[in-house]
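*Asks:* Build me a structure from this.
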Amino acid sequence: MAQQKLSIGQEIEVDLSSWGRLGESMACHEGQDVFVLGGIPGEKVLVEVVRIRRKYVAARVVKVLAPSPDRVDPPCQYYGECTGCQWQHLDYQAQLRNKRDKVVDALQRVGGLEDIRVLDTLPSPATYGYRNHARFTVGKAGDLGFVNRETRRFVRIDRCMLMHDGINYLLGELQDRCGETTQLAVRAGRDTEDFLVQPSLKNPDVRIPTGQKHYRESVDDRQFRVASPSFFQVNVDQTSRLIEVVREAVNLSGAEILLDAYTGVGTFAVLLAPFVRQVYAIEESSAAVADARENSAGIDNLEFLLGKTEEVLSDLPQPPDLVILDPPRAGCQSSALEKLLSLRAPRLVYVSCDPETLARDLKVLCERHYRVDRIQPLDMFPQTHHVECVAVLNLKPTPPPLVLASGSPRRRELLTQLGLDFLVQPSNAPEEQQEGETAEDMVRRLSLDKATMVAAGLTDGFVIGADSTVVLQ
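*Replies:* Next comes the predicted model:
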């Protein structure tokens with residue numbers, strides 16, 4: 001049958017089958033993939049087509065015909081128009097279950113990693129009012145809001161339920177007064193009451209300071225200075241839980257050398273320094289390192305190394321016992337993974353906000369020297385499809401060496417054909433027949449002599465000794 005061509009605004013009934021990558025639910029309509037915002041797999045819904053792309057159709061739920069038991073009423077007046085939240089219509093316990101399932105799916109589909117122990121998702125202490133950072137688009141009238149991901153329509157926002165009160169206060173002060181710019185970033189410390197607004201605004205109607213270079217945030221009663229372009233977790237209560245999860249996962253004794261790669265403003269390095277002997281922290285942003293050095297004031301066992309992770313790893317002051325990786329959403333550079341593999345640190349913790357790039361990088365690490373002990377998902381971003389993960393990896397035991405106690409090219413060839421990795425260490429044992437010794441007894445004795453001589457100089461492994469002789473008639 002010819003495929004029916006859909007049009008924007010058209011309404012169709014679909015059965016939702018699974019989750020998509022960006023938190024939408026998926027259906028198939030006459031051979032076309034339909035990505036539906038506001039649906040739940042297992043539901044039958046009436047949807048409106050909002051955008052047609054080359055490979056799929058985007059739609060939104062107009063009416064739920066057969067609801068899921070996990071469906072709840074979204075509390076936000078902007079839900080559906082604004083696509084910043086994808087899962088307000090999903091019961092919170094179902095959000096947690098689905099985030100764990102998302103991690104398992106990425107591990108299998110992207111990394112080919114089966115039977116990895118993925119724990120239940122740790123809930124956020126607050127499911128609304130947790131964010132300390134907002135990036136607003138400025139409308140034509142100088143008003144602030146967000147842009148719908150599919151329709152590209154601007155949605156004015158007067159109060160965002162994900163933001164804490166400090167952000168929403170600043171939003172009220174800035175609303176309708178920002179026509180001189182097109183984008184606006186607002187960051188505010190919930191407990192410090194410090195904030196920044198970028199860029200600097202000249203409108204005399206703006207009654208609050210703007211253009212700050214940094215602000216102060218607090219985690220576990222310790223303040224962190226954060227420069228405007230620097231990364232910092234948006235959910236500070238869950239950040240405390242994240243630090244606790246990492247610390248408990250590696251069972252720190254106090255004697256470890258810790259390497260914190262992609263340290264940013266030093267959150268992990270600063271908060272874990274009291275529990276280890278020495279911390280080395282790598283960061284390529286000079287602004288972030290400047291913040292990190294101030295944030296670590298009074299900590300004597302912490303040294304910051306400025307540069308790209310893949311470059312600094314080649315020249316560390318000491319080999320680490322534990323490495324913490326907290327890269328950007330795009331994951332680690334392949335060159336950084338190669339350097340990490342060559343370090344062979346006994347333990348590695350990978351913190352990621354993207355299950356797919358996490359799975360990709362774990363595949364590389366596990367194909368060589370590491371195995372995943374467990375993965376702990378945390379809900380750093382309630383009401384959205386995003387999930388934070390802490391993957392704990394241990395170095396695989398090094399197999400004992402296999403040593404060939406012979407320089408014979410033929411014997412090397414035989415072991416190579418068997419697919420074995422081995423070392424060659426000739427014994428140089430004397431090969432003389434003893435009086436009355438049969439040929440069979442001689443080759444047995446000489447084989448054992450060769451193996452014993454080489455084994456005497458080893459502490460572990462397996463040694464192969466071999467001998468042969470030709471018997472005429």
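
*Asks:* gap between the two ends of stretch 328-340?
*Replies:* This stretch, stretch 328-340, spans 17 Å end to end (CA to CA, to the nearest Å).

*Asks:* So what touches that stretch?
*Replies:* Stretch 328-340 is contacted by residues 231, 261-262, 308-310, 313-314, 323, 325, 327, 348, 352-354, 357-358, 360-361, 364-365 when judged by CB atoms under 8 Å, 6 or more residues apart in numbering. (C-beta placed from N, C-alpha, C; glycine too.)

*Asks:* For ChimeraX, write the select line for the buried members of those.
*Replies:* Filtering these down to the buried ones (16 or more other CB atoms under 10 Å) takes a single ChimeraX command:
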select :231,261,262,309,310,313,323,325,327,348,352,353,354,357,358,360,361,364,365
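
*Asks:* burial measure for N251, as a count.
*Replies:* Using other CB atoms under 10 Å, N251 has 8 neighbouring residues.

*Asks:* Look up how far N394 lies from it.
*Replies:* Distance, N251 to N394, using CB to CB, to the nearest Å: 12 Å.

*Asks:* and what of R97?
*Replies:* The value you get for R97 to N394, if CB to CB is used, is 27 Å.

*Asks:* T452 now?
*Replies:* Following CB to CB, the distance that separates T452 from N394 is 35 Å.

*Asks:* got it, and M26?
*Replies:* Distance from M26 to N394, by CB to CB: 36 Å.

*Asks:* More neighbours: the two, which one.
*Replies:* Using other CB under 10 Å, the more surrounded residue of M26 and N394 is M26, with 18 against 15.

*Asks:* And that one, which helix or strand is it part of?
*Replies:* Assignment of secondary structure by DSSP states H and E places M26 within strand 25-29.

*Asks:* Need the contact partners of that strand.
*Replies:* Counting by CB under 8 Å, 6+ apart, strand 25-29 makes contact with 6, 12, 14-20, 33-36, 39-41, 43, 47, 57, all of which sit outside it.

*Asks:* Tell me the spatial nearest neighbour of A106, not counting adjacent residues.
*Replies:* P355 (3.7 Å; CB to CB, 6 or more residues apart in numbering).

*Asks:* so how many other residues sit close to that neighbour?
*Replies:* That count, for P355 with other CB under 10 Å as the rule, works out to 26.

*Asks:* How about C332?
*Replies:* 25.

*Asks:* tell me the SS of it?
*Replies:* With DSSP: H, G, I helix; E, B strand; the rest coil as the basis, C332 sits in coil.

*Asks:* so how far is G80 from it?
*Replies:* Per CB to CB, C332 is found 36 Å from G80.

*Asks:* V372 too?
*Replies:* Look at V372 and G80: by CB to CB, they are 38 Å apart.

*Asks:* Just want to know which of these two has more residues nearby.
*Replies:* The residue with more neighbours, out of V372 and G80 and counting by other CB under 10 Å, is V372; that gives 21 against 18.

*Asks:* Can you classify the more buried one as helix, strand or coil?
*Replies:* strand.

*Asks:* looking at the sheet around it, what are its partners?
*Replies:* Going by DSSP bridges, V372 is paired in beta bridges with L393.

*Asks:* thought it was touching V390?
*Replies:* No - under the criterion of CB atoms under 8 Å, V372 is not in contact with V390, lying 11.2 Å apart.

*Asks:* Quick check, pLDDT for P426.
*Replies:* With respect to pLDDT, P426 scores 89.

*Asks:* Dihedrals phi and psi, it?
*Replies:* Phi and psi for P426, reported as degrees, to the nearest 10, are phi -60, psi 140.

*Asks:* Same check on D449?
*Replies:* Dihedral angles phi and psi of D449 (degrees, to the nearest 10) take the values phi -60, psi -50.

*Asks:* For the residue at minimal distance from the centre of the chain, list the residues it contacts.
*Replies:* By CA atoms, centre = their mean, the chain has its centre lying nearest to S352, at 1.7 Å. For S352, the contact set (CB under 8 Å, 6+ apart) comprises 326-327, 331, 358, 361, 388-389, 391.

*Asks:* Same list, those residues, but as CSV with distance to V118, pLDDT and secondary structure please.
*Replies:* Putting these into CSV (distance: CB to CB, whole Å; pLDDT from 0 to 100; DSSP: H, G, I helix; E, B strand; the rest coil) gives the following:
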residue, distance to V118, pLDDT, secondary structure
D326, 19, 94, coil
P327, 20, 94, coil
G331, 18, 94, coil
L358, 11, 97, helix
D361, 16, 97, helix
E388, 13, 97, strand
C389, 9, 97, strand
A391, 9, 97, strand
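
*Asks:* T469: which of those residues is nearest?
*Replies:* D361 (54.2 Å; CB to CB).

*Asks:* Assign a three-state SS to V312, would you?
*Replies:* Of the three states, V312 takes helix according to three-state DSSP.

*Asks:* That one: how many residues sit nearby?
*Replies:* Every residue meeting other CB under 10 Å relative to V312 is counted, giving 20.

*Asks:* mind listing what it touches?
*Replies:* The contact partners of V312, by CB under 8 Å, 6+ apart, come to 282, 305.

*Asks:* Need the pLDDT of it.
*Replies:* In the predicted model, V312 carries a pLDDT score of 93.

*Asks:* For Q223, see how far away it is.
*Replies:* When V312 is compared with Q223 (using CB to CB), they lie 27 Å apart.

*Asks:* which outside residues touch stretch 63-82?
*Replies:* Contacting residues not belonging to stretch 63-82 are listed as 13, 37-38, 40-46, 60-61, 85, 88-91, 94, 128, 145-146, 148, 153, 155, 157, 160-161 [CB under 8 Å, 6+ apart].

*Asks:* What distance do you get for S200 to Q212?
*Replies:* 9 Å.

*Asks:* oh, I was asking about N148
*Replies:* The value you get for N148 to Q212, if CB to CB is used, is 30 Å.

*Asks:* Tell me which of those two has more neighbours.
*Replies:* Neighbour totals were compared for N148 and Q212, and N148 leads with 19 against 15 (other CB under 10 Å).

*Asks:* residue contacts, the more buried one?
*Replies:* N148 makes contacts with 81-83, 155, as judged by CB under 8 Å, 6+ apart.
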